[in-house]
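1. with the sequence up front, the predicted model follows.
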Amino acid sequence: MIFLALESATAHQSLALFQDQKLLAYVECESSRSLTPQIIPTIHQLLDGVSLKITDLEGLAVSIGPGTFTGLRVGLATMTAFRLALGIPLVGVSTLEGLAWNLPNFDLPILSTVSIRPGLMYWGRFRWQGGQLVCLETDQIGKLSDVCGSLTEPIVILGDGWVRNKDSLPSLPSLVVEGPSEAIWPSAKGIGRAGLELLENGPWLPEGCTPRYVQPSYAEMPKSSG
């Protein structure tokens, strides 16, 4: 199966093209620019680089959240449009789970983090067992210091929730192992690796689905009358 994966939940947007488990091509979008005008040209660039056409795609995978409101909305809308145009399945992968797939079959448990704002993050804990990724706890919101302070075993930590907040800690927590640089950011590679099993076995995203925001977006929060 030839399929496209998109990670748009954070400022580190990326696209990956797979043939089954083989990574054919990968590109990161320029985070300083608006995501919307980049996605379509970047997809065509990715396909052209391996002599494929958009009609060669047989499946799509997208990060479904948690993450930034705009990034998730634009990413899901784009992939939904491709699904409708091409008539192929689309699956949604948790941003936190996708991070854990950056380290397949890692020995230590994995703490995935996605930044919300300074001092606050989404987080989830995962562990590889017998070649399967097991979710221990996910879609939580908390402070990095509190989460690290509650750890009871060594754990490898990934994500921009860690990268953007670690300097606020007085020292590196004794049970925390910082993930390797090539795996620490949310990536379409992880979304694709996690998405393949869903594309093959389901469930696929239903029509009219929405991203997993976990908490209301700023646009949805009630405005003060004063």
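-> Yes, it's here.
2. would you list the phi and psi of the closest residue to residue 102 other than its chain neighbours?
-> Of all residues not flanking residue 102 in the chain, residue 183 sits nearest, at 3.9 Å (Cβ to Cβ, 6 or more residues apart in numbering). Any C-beta I mention is one placed from the backbone N, CA and C, and that applies to glycine too. The phi/psi pair for residue 183 (degrees, to the nearest 10) reads phi -120, psi 0.
3. over to residue 102?
-> phi -70, psi -20.
4. for residue 180, see how far away it is.
-> Separation of residue 102 from residue 180 (Cβ to Cβ, to the nearest Å) stands at 9 Å.
5. can you show me the strands along this structure?
-> Applying DSSP state E to the chain gives strands spanning 2-7, 14-19, 22-28, 59-65, 90-94, 110-117, 120-129, 132-142, 155-158, 176-178.
6. reformat these as a markdown table; add mean pLDDT, mean neighbour count and distance to residue 72.
-> Listed next are the strands of the chain as a markdown table, based on pLDDT from 0 to 100; neighbours: other Cβ atoms under 10 Å; distance: least, Cβ to Cβ, whole Å:
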| stretch | mean pLDDT | mean neighbour count | distance to residue 72 |
| --- | --- | --- | --- |
| strand 2-7 | 97 | 27 | 10 |
| strand 14-19 | 96 | 23 | 14 |
| strand 22-28 | 95 | 15 | 18 |
| strand 59-65 | 97 | 28 | 5 |
| strand 90-94 | 97 | 26 | 10 |
| strand 110-117 | 95 | 24 | 11 |
| strand 120-129 | 96 | 20 | 12 |
| strand 132-142 | 95 | 14 | 14 |
| strand 155-158 | 98 | 24 | 19 |
| strand 176-178 | 96 | 15 | 26 |
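7. residue 198: which of these is closest?
-> Taking Cβ to Cβ, strand 90-94 is the member of these nearest to residue 198, at 3.9 Å.
8. the closest residue to residue 20 other than its chain neighbours: what's it in contact with?
-> Closest residue to residue 20 apart from its sequence neighbours, by Cβ to Cβ, 6+ apart: residue 1 at 5.8 Å. Applying Cβ atoms under 8 Å, 6 or more residues apart in numbering to residue 1 gives the contacts 18-20, 58-59, 196, 199-200.
9. what's the separation between residue 1 and residue 163?
-> In this structure, residue 1 and residue 163 are 33 Å apart, going by Cβ to Cβ.
10. what's the answer for residue 170, then?
-> On the measure of Cβ to Cβ, residue 170 and residue 163 end up 17 Å apart.
11. neighbour count: the two, which is higher?
-> Ranked by neighbour count (other Cβ atoms under 10 Å), residue 170 and residue 163 place residue 163 first, with 17 against 6.
12. the residue nearest to that one when sequence neighbours are not counted: how many residues sit nearby?
-> Once flanking residues are discounted, residue 163 sits nearest to residue 184: 6.5 Å by Cβ to Cβ, 6+ apart. Residue 184 has 21 neighbouring residues, counting by other Cβ under 10 Å.
13. could you do the one 5 residues further on as well?
-> Other residues within reach of residue 189, judged by other Cβ under 10 Å, total 21.
14. surely it is in contact with residue 26?
-> Yes - using Cβ atoms under 8 Å, residue 189 makes contact with residue 26 at a distance of 6.2 Å.
15. low-confidence ranges in this structure?
-> Along the chain, the model assigns pLDDT under 70 to residues 30-36, 216-226.
16. sorry, back to before: any chance of the strands of the chain in TSV, plus distance to residue 75?
-> What follows is those, written out as TSV (distance: least, Cβ to Cβ, whole Å):
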stretch	distance to residue 75
strand 2-7	5
strand 14-19	10
strand 22-28	14
strand 59-65	5
strand 90-94	10
strand 110-117	14
strand 120-129	16
strand 132-142	18
strand 155-158	20
strand 176-178	27
